[in-house]
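Colleague: The sequence and its predicted three-dimensional model are supplied below.
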Amino acid sequence: MSANGNTHIFENIDALYAALEEQWQLVAHAAIADHGAFHVALAGGSTPRNFYKKLAQQSAIDESCWHKTHIYFGDERCVSQDHPDSNYRMAKETLLSVAPLLPGHVHAMFSADLSVEENVAQYDTLLHDTLPLDAKGCPVFDLVLLGMGEDGHTASLFPETDILHESEKPVAAQFVQKLNAWRMSLTFPAINAASHVAVLVAGGAKAKVLADIFSADSNATDNNTVVRYPVQQVDPTGQLDWYLDTAAAQLLNVQD
Ligand code: 6PG
């Protein structure tokens, strides 16, 4: 079995969440010790929803850690923050309205008061002003949480879209034809500059794509993996961890 990074397979979603919470705490404490803050980008969609709930309500994360935590978004639907599709709304319902985060430490990606272009420019400036920068001047997240769709998209980096080829900006917007909707997303430069990236994949519906990805990587010659899915371009200089449940991992050849 391959794919970049470390692969963790769990019997059920609660075990997956528990392991991810452990990593969240470890990364948060290390980041705070290193540079006085923990900068984390949340994934959208349904998989992380109950993780955020548990993190806010049941986790052992102490208040001092929350006070140094800055929350960002890996991607956002370009809708109002109270729209049912909004990732910000989902995060607010589960985590942001419960955890003792400090005012000014939650950084929504999209506001309906601004144009898409203005939102992108504003988030780009925010990331450059609040995050440490790497040698290339790219903002460095301490942790980026990602999901994966059944088409192998991650964040709002969908197959056959121009944003996949963004090589400099940390955030961009993309009209996604198949959704008939505008999205904003961190780009691969921002994701791959992160110190830690955790990809959460659960459910049998994603087993086929995962098997394609893991077999493509294990069959790669001279590091030229056949890239068929956007999530395969997640290759951070930092640590990459795949958090899978057994349903999503059912077609993987775990002996490899
Ligand atoms: C979004 C997400 C997206 C999501 C995948 C998986 O805004 O929808 O960021 O990339 O992570 O589509 O979604 P599920 O967790 O709902 O399967």
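Modeller: Received it, and whenever you're ready, just let me know what you need.

Colleague: and Val231, how many neighbours?
Modeller: 24 (other CB atoms under 10 Å). In this view, the C-beta of every residue, glycine as well, is placed from N, C-alpha and C.

Colleague: which one is it nearest to, not counting chain neighbours?
Modeller: Thr154 (4.2 Å; CB to CB, 6 or more residues apart in numbering).

Colleague: so the one you found makes contact with Leu240?
Modeller: No: judged on CB atoms under 8 Å, Thr154 makes no contact with Leu240 at a distance of 11.7 Å.

Colleague: For whichever helix or strand Gln23 is part of, name the packing helices and strands.
Modeller: Element membership of Gln23 [criterion: DSSP states H and E] is helix 13-35. Applying 3 or more CB pairs under 8 Å, 6 or more residues apart in numbering; DSSP states H and E, we find helix 13-35 packed against strand 6-10, strand 38-42, helix 49-57, helix 63-67, strand 143-146, strand 196-201, strand 239-245.

Colleague: Now it: buried residues?
Modeller: Residues of helix 13-35 classed as buried: 13, 16-17, 20-21, 23-25, 27-28, 31-32 (neighbour count, 16 or more other CB atoms under 10 Å).

Colleague: Name the residues of the stretch 1-150 of the chain found near the ligand, please.
Modeller: 43-47, 74-75, 87, 147-149 (CB under 6 Å from any ligand atom).

Colleague: Which of these fall in helices?
Modeller: Members of these lying in helices (criterion: DSSP state H): Asn87.

Colleague: What's the PyMOL syntax to select whichever of the residues of the stretch 1-150 of the chain next to the ligand are buried?
Modeller: A single PyMOL command selects the buried members of these (16+ other CB under 10 Å):
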select buried, resi 43+44+45+47+74+75+87+147+148+149
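
Colleague: which one of the residues of the stretch 1-150 of the chain next to the ligand is nearest Leu210?
Modeller: Checking those against Leu210 by CB to CB gives Met148 as the nearest, at 7.8 Å.

Colleague: Need the pLDDT of that closest one.
Modeller: For Met148, the model assigns a pLDDT of 98.

Colleague: nearest spatial neighbour of Lys54, skipping sequence neighbours?
Modeller: Using CB to CB, 6+ apart, the closest residue to Lys54 is Tyr17 (5.6 Å).

Colleague: so, in contact with the ligand or not, stretch 169-189?
Modeller: No: on the criterion CB under 6 Å from any ligand atom, stretch 169-189 is out of touch with the ligand, staying 7.3 Å away.

Colleague: For that stretch, which residues meet the burial criterion?
Modeller: Buried residues in stretch 169-189 (16+ other CB under 10 Å): 169-174, 176, 182-189.

Colleague: Quick check: end-to-end length of that stretch?
Modeller: Terminal residues of stretch 169-189 are spaced 7 Å apart (CA to CA, to the nearest Å).

Colleague: Same question for stretch 201-211.
Modeller: 12 Å.

Colleague: Is that stretch in proximity to the ligand?
Modeller: No: for stretch 201-211, no contact with the ligand is found by CB under 6 Å from any ligand atom; the gap never falls below 7.0 Å.

Colleague: Pick out whichever of the buried residues of helix 13-35 sits closest to the ligand.
Modeller: Ile13 (10.9 Å; CB to the nearest ligand atom).

Colleague: OK, contacts around whichever residue of the chain sits closest to the ligand?
Modeller: Proximity of the chain to the ligand (CB to the nearest ligand atom) peaks at Gly147, 2.2 Å away. For Gly147, the contact set (CB atoms under 8 Å, 6 or more residues apart in numbering) comprises 43-45, 47-48, 154, 199-201.

Colleague: ok, Gly203 - contacts?
Modeller: So Gly203 contacts 47, 245, 247-248 (CB under 8 Å, 6+ apart).

Colleague: Please apply the same query to Val231.
Modeller: Contacts of Val231 by CB under 8 Å, 6+ apart are 146, 148, 152-154, 157, 199, 213.

Colleague: Of the residues you listed, which is the nearest to Thr69?
Modeller: Closest to Thr69, out of all of the contacts of Val231 and judged by CB to CB, is Leu146, at 18.3 Å.
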